[in-house]
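**Q** Here's a sequence, model it:
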Amino acid sequence: MRVIVVGGGVVGTMHAWQAVERGHEVVQIEREAEARGASLRNFGQIWVSGRAGGEELDTALRARELWEAIGERVPGLGFRAIGSLTPVRNSREHAVAEAAVARADAAARGYKLVTAEEARAINPALRGAFEAALWCERDAAVEPRTAQLHLREALKASGRYTFLPGREVREVVGNGAVRDDHGDVHQGDAVILATGAWLSGLVRELVPDLPVRRVRLQMMQTAPLGEPLTTSVADADSFRYYPAYTSEALDELNAEQAQAPIAAAHKMQLLMVQRQDGGLTIGDTHEYEHPFAFDTLEDPYVHLTEVVESFLGRPLPQIRRRWAGVYAQCTDTTRVVHRQQVADGVWLVTGPGGRGMTCSPAIAETTANELGW
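**A** Here you go, the predicted model:
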C-alpha cells in the first residue's frame, strides 16, 4: 500500500509512522520547509491528567503507551516520564484535588494527593508556598521543537518514506490522488489530510461546513533554570479548564474563588515544563474569537511570571522567547478528533485541540485500524 500524508506536524507524522510500521510506503507533503504550527508551539506534554473520561482518557492512555515505546526507539524525542504536580493553596482548591483523587478512574490516571513536603520531595524546585498538590504520575513530556525531525529520520531509515517539503497540496484529482502547487500528482491507496489549523483552501472546498474552530494561545520560554524541574507543573486554574476536574467542589471553587482578572480575561491557566536545555516552557492563554490579534500582549506574561515565581520561591530566569500559536479544535469539545472521508480515497483528520501532541499516536493508530492498513 502507498499512503500520501498531507501535513508535516505531529498528527501527520504519526500517521506516517503507523503506515510505515505496518509495512507501507509513505509520501509526506508539507507546505513549509518544516512544520511551523501548533506541533512546535506547544508544551511537549503527554498530558493524561486533565483528560475527560471515556474515549478521551482511553485515547490519551493509549497514546502515552505509544509515546513511550516510540521514545525507546527514537531517543531524540526526549521522552521523559516525569509526571505532573498541581499545587493547591487553600481549602477550596484542596477540595477539587480531593474530588479528582476520588474519581473511579483516578488509579488509571496515576492521581495521588500529596502534602507540600511530599511534593517538594518529588520536585525540589517547588520552594514556594502551597499546602498540598495533586500528583499525576502518568503525565510525560517530549521535545516539541525537534520531535518531528527525529521521527522523520527514523522513518527515512525504513527505506519506505519520502518527505516533500515546500509543496502545498491544492487539489484532489482522483481516487487517492492529489496535485500540489508544483503541478505534481501524488497517487496513493489512501490520502490523509492532517493539515492542523490550516482550514482554508483545499480543506474548505472539500468540507465547507467543517465542525472545527481555531484557537490561539500565547506562551514563553526562559533561559535555563539552573536546576532540574523534575515534573510538569500546573496551577489550580487548570482545574477550571480541564474536564477531568468537573465536580461539585469545582462548582464551589468557580462560585466562591474568582480567577485573577488577567487570568479570567485571557482564559488562562499555568502549565510549565522544563526543556532538555534547562529552560522552562510556560503558558498559556486561550483566544476563540476571530479575527485573532496579530501581536502578543504583555499582561498574561506578567501574570504567569508571578504565579511561577510563587511556586518556585525564586525569580524566574530571563524570558528568551515569546510566541503565539493556533490549533484546530472540534466545536464539540467532547470529540477527540474530526475524522471524515472527504473524497474517494481521501480522509481529513483534524481538530484534536490541545490534545494533539498528547493523543496523536493513538489518533493515527485508530485511523490506520479503521482504514484497514
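
**Q** For the stretch 201-350 of the chain, which segments are assigned as strands?
**A** 212-222, 232-234, 271-274, 280-283, 319-330, 338-343, 346-350 (DSSP state E, counting those that start in this stretch).

**Q** Just list whatever residues bridge to Ser280.
**A** Actually, residue 280 is Leu. It isn't Ser. Leu280 forms beta bridges with Gln274, as assigned by DSSP bridges.

**Q** Count the neighbours of it for me.
**A** Number of residues near Leu280 (other CB atoms under 10 Å) recorded here: 22. Using the backbone N, CA and C atoms, a C-beta is placed for each residue, glycine as well.

**Q** Repeat that for Val342.
**A** 16.

**Q** same thing with Ala104?
**A** 7.

**Q** just the strands of the stretch 201-350 of the chain: most buried one?
**A** When the strands of the stretch 201-350 of the chain are scored by mean count of other CB atoms under 10 Å, the highest mean neighbour count falls to strand 232-234 (a mean of 27).

**Q** any residues touching that one, and which ones?
**A** Here strand 232-234 makes contact (CB atoms under 8 Å, 6 or more residues apart in numbering) with 43, 45, 47, 49-50, 82-87, 123, 126, 139, 141, 269-273, 308, 311.

**Q** Out of the strands of the stretch 201-350 of the chain, flag the one nearest Glu168.
**A** strand 346-350 (15.8 Å; CB to CB).

**Q** rewinding a little: now intersect the contacts of strand 232-234 with the helices, please.
**A** Judged by DSSP state H, helices contain the following of these: Val308, Phe311.

**Q** Buried ones from the contacts of strand 232-234, can you make that a ChimeraX selection?
**A** Buried members of the contacts of strand 232-234, defined by 16 or more other CB atoms under 10 Å, are picked up in ChimeraX with:
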select :43,45,47,49,50,82,83,84,85,86,87,123,126,139,141,269,270,271,272,273,308,311
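
**Q** and the longest helix anywhere in the chain, what does it pack onto?
**A** For the chain, the helix with the greatest residue count under DSSP H is helix 55-73. Where contact means 3 or more CB pairs under 8 Å, 6 or more residues apart in numbering; DSSP states H and E, helix 55-73 is packed against strand 45-46, helix 106-109, strand 140-141, helix 356-370.

**Q** now do 6 Å
**A** Applying 3 or more CB pairs under 6 Å, 6 or more residues apart in numbering; DSSP states H and E, we find helix 55-73 packed against helix 356-370.

**Q** So what touches the helix it packs on?
**A** 10-11, 14-15, 18, 42, 46-47, 59-60, 62-63, 66-67, 337, 349, 352 (CB atoms under 6 Å, 6 or more residues apart in numbering).

**Q** Check what pLDDT Arg17 gets.
**A** Residue 17: Trp, not Arg. Note for Trp17: predicted pLDDT of 98.

**Q** tell me the contacts of it?
**A** Under the criterion of CB under 6 Å, 6+ apart, the contact list for Trp17 is empty.

**Q** tell me the secondary structure for it?
**A** helix (DSSP: H, G, I helix; E, B strand; the rest coil).

**Q** ok, it to Ser158 distance?
**A** 10 Å (CB to CB, to the nearest Å).

**Q** go on, Asp277?
**A** From Asp277 to Ser158 the distance is 30 Å (CB to CB).

**Q** same thing with Phe294?
**A** 41 Å.

**Q** Name the residue in these two with the higher neighbour count.
**A** The residue with more neighbours, out of Phe294 and Ser158, is Ser158; 14 against 6, by other CB under 10 Å.

**Q** Can you give me the pLDDT of the more buried one?
**A** 97.

**Q** same question, Ala38
**A** Ala38 is assigned 86 on the pLDDT scale.

**Q** Is it in a helix, a strand, or coil?
**A** Put simply, Ala38 is coil when judged by three-state DSSP.

**Q** where in the stretch 151-300 of the chain is pLDDT low?
**A** Applying pLDDT under 70 to the stretch 151-300 of the chain picks out no residues at all.

**Q** Show me where it has its helices.
**A** If DSSP state H, counting those that start in this stretch is used as the criterion, the helices of the stretch 151-300 of the chain fall at 202-206, 237-241, 248-256, 261-265, 298-312.

**Q** most neighbours per residue, which of those?
**A** Mean neighbour counts for these (mean count of other CB under 10 Å) peak at helix 237-241, with a mean of 21.
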